[in-house]
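Novice: build me a structure from this.
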Amino acid sequence: MALPWSETADGVTVTVRATPRGGRDAIDGIVALSDGRRALKARVSVAAEDGKANAALAKLLAKAAGIAPSRVELLSGATGRTKSFRLSGNAQEIAARLSGLKGGKDDEPA
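Specialist: Numbers count the residues shown, from 1 in each chain. Sure, this is the predicted structure:
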């Protein structure tokens with residue numbers, strides 16, 4: 001199974017399928033997208049207005065990866081549900097932490 005992240009020279013690039021106003025802040029595993037790619041399925045409790053949901057997602061990813069929130073950068077998808085983030089730091093350590101989030105079954109294509 002393809003993973004929703006890839007290691008780069010300065011960290012990890014991760015694809016996220018976001019659900020704003022999801023009731024809580026959580027990463028719910030990995031989901032298959034309609035184009036065949038994989039993404040981390042994440043929800044945040046805040047609404048998608050004025051970048052609040054993107055900021056909450058960045059904070060959630062930082063916590064999951066064990067890095068400072070300042071080391072998380074939104075690369076694409078600022079206004080969409082599918083987003084790409086760069087997590088800066090030791091790529092192997094970040095990938096290992098993200099691997100711990102894979103629990104559960106893959107969902108149907110989103």
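Novice: could you use CA atoms for every contact and neighbour count after this?
Specialist: Fine.
Novice: how about A53, phi and psi?
Specialist: With angles defined as degrees, to the nearest 10, A53 sits at phi -70, psi -40.
Novice: also the one 4 residues further on?
Specialist: Summarising the backbone geometry of L57 under the convention degrees, to the nearest 10, its torsions are phi -60, psi -40.
Novice: also V14?
Specialist: The phi/psi pair for V14 (degrees, to the nearest 10) is phi -130, psi 140.
Novice: against A26, how distant is it?
Specialist: For V14, the distance to A26 equals 16 Å [C-alpha to C-alpha, to the nearest Å].
Novice: from G36, how far off is the closest residue in space to G89 that isn't next to it in sequence?
Specialist: Nearest non-adjacent residue to G89, counting by C-alpha to C-alpha, 6 or more residues apart in numbering: G11, 4.7 Å away. For G11, the distance to G36 (C-alpha to C-alpha) stands at 24 Å.
Novice: what about D25, neighbour count?
Specialist: D25 has 18 neighbours, counted by other C-alpha atoms under 10 Å.
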